[in-house]
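>>> Attaching a predicted model along with its sequence, questions to come.
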Amino acid sequence: MSRSADLFYEKLDELIAAKDDLFVPEVKKAATQADDQARLFLEIVSFRERHGRPPDSASRSPEEMRLGVRLNAFREDENKVSALRDLDQYGLLQQSAGRMDQVPASLDELIADDDDLLATPDDHIFEFRATPAPVPKAEADMIAERTPCAEFEKFAPIFDEAIADIASGVRSTVPTSSTYQIAAGDMFILDGQLAYIAEVGAWMTRTKGDQKDARLRIIYDNGTESGHLLRSFGKALYRADNSRRVLSPQAGPLFDGQAAPVTGRIYVARTLSEDPALADLKSHMVKVGSTTGSAAGRLSAADNDPTFLMSKAELVDEYDTRGVPPKKIEGLLHRFFSAACVDVHLPDRFGRKVDPREWFLVSPSSVEQAIRLISTRKLHLYRYDIDDDGIVERTPKV
């Protein structure tokens, strides 16, 4: 999976804000939800025991950020706070979570800004006149076990492409509107995982009410698969908290063409610093940044900007972005070249320590190649080889 997968799943953790599911068979569903909530919360408790503090949702560590976002979601849900109180030996749920809309900057750079992303639809596709009876034997398919997918390498690029498209804004997600409108090639977010409909079997008639149904082959991004019936999977989508449908890619250029307005530019710059500590590096490292204005204007006050190492800089390349905020493209590039990120520490003009994360030991030509791959939505099929300063195609595992 691509590096952008980390942020994608961190965002998914934030999407899962649990609420009472009034239409689920009481005994079986409640027990399952309670077990899942306890397991997820105990991961946070384990972090607290190892580090002596709760996880921070703004951490640079993907693992800590994921747990921190999850803890914030728990704190905001009174039902979860009540259900998990016996496990909360450190009082983690009682501490102020702060504003939930303060998403870490790295997520904002990679996930499309969608005001209704966290919204739950008011209208429901199904209406139940009464609480349904326990699941009958004929519908035991709803809790079918997942099994390892022996052909997962064949499907992995599909998930990688979807993750890259969602991160760059090429694809968007919407709440599931009609849970029985399911076809081969569709993709959904269910319980925090991507679910890809690989096959829809032959239609058959169920005995109850002459309902039409079909057997699905569903591949999940964790390398498992299941064979739910279509109607059972539709019910699972309806009952799940914040299930989403992943829309098809939207047409439109990111860097080329005239179909979309210019949103800003990506620039590549080189430092002119005279700092002896950078003498051996500065000819090999470049800054990859973004701006909604001109690149020249962005560099004009570089000597007072800690992200420019408090030194003047020269512009090497710049690329107009179209239809997508340049900050999101910058985030994708930073993730792609993360193995070559230069670890720099310096004081700003007020003496405060800063750690710029926009400098990379890569060539301008490698940045150009990565930008072209983003433009054609193929970046997820490649990786950066730091040893050769080159972009190489990912080799599928055999």
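Alright, I've got the coordinates.
>>> Would you agree L315 falls within a strand?
Yes - counting by DSSP: H, G, I helix; E, B strand; the rest coil, L315 is part of a strand.
>>> Identify the residues contacting it.
Listed by CB atoms under 8 Å, 6 or more residues apart in numbering, the contact set of L315 reads 267-269, 295-296, 299. For every residue, glycine as well, the C-beta is placed using N, CA and C.
>>> What subset of those residues is buried?
267-269, 295, 299 (16 or more other CB atoms under 10 Å).
>>> Relative to H380, which of the residues you listed is nearest.
V268 (21.7 Å; CB to CB).
>>> hang on, the earlier thing: widest-spaced pair of the contacts of L315?
V268 and A296 (13.1 Å).
>>> For the lengthiest strand in the chain, which strands pair with it and how are they oriented?
In the chain, assigned by DSSP state E, the strand with the most residues is strand 193-205. Take DSSP bridges as the rule and strand 193-205 pairs in its sheet with strand 187-190 (antiparallel), strand 212-220 (antiparallel).
>>> got a list of contacts for it?
12, 155, 158-159, 162-163, 182-189, 211-222, 225, 230, 246.
>>> tell me the average confidence for that strand?
Averaging pLDDT along strand 193-205 yields 88.
>>> got the CA coordinates for it in CSV?
Provided in CSV are the C-alpha atoms of strand 193-205 (Å, rounded to 0.1, in the frame of the first residue of the first chain):
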residue,chain,number,x,y,z
GLN,A,193,-12.0,-0.1,5.9
LEU,A,194,-12.2,0.1,2.1
ALA,A,195,-14.5,-2.6,0.7
TYR,A,196,-14.3,-3.4,-3.1
ILE,A,197,-17.0,-5.2,-4.9
ALA,A,198,-15.0,-7.6,-7.0
GLU,A,199,-17.9,-9.8,-8.3
VAL,A,200,-21.7,-9.9,-8.2
GLY,A,201,-23.0,-13.5,-8.7
ALA,A,202,-26.2,-14.7,-10.4
TRP,A,203,-29.4,-13.2,-9.1
MET,A,204,-31.6,-15.6,-7.1
THR,A,205,-35.0,-15.3,-5.4
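>>> so where do the helices sit in the protein?
4-15, 26-51, 62-75, 78-83, 105-110, 152-168, 230-239, 295-299, 326-336, 364-375 (DSSP state H).
>>> rewinding a little: show me which of the buried ones among the contacts of L315 is closest to L278.
For those, the nearest to L278 is A269 (13.9 Å; CB to CB).
>>> Surely A295 and D320 touch.
No - here A295 lies out of contact with D320, judged by CB atoms under 8 Å, at a distance of 9.9 Å.
>>> Could you name every residue contacting both of those two?
Joint contacts of A295 and D320 (CB under 8 Å, 6+ apart) are R265.
>>> Report the buried members of the contacts of strand 193-205.
12, 155, 158-159, 162-163, 182, 186-189, 213, 215-221, 225, 230, 246.
>>> Could you tell me what pLDDT the model assigned to I44?
91.
>>> That one reaches H51, doesn't it?
No - when contacts are counted by CB under 8 Å, I44 is not listed as touching H51 (11.0 Å).
>>> Neighbour count for those two, which is higher?
I44 (23 against 11; other CB atoms under 10 Å).
>>> What residues does the more buried one make contact with?
54-55, 67, 70-71, 74, 92.
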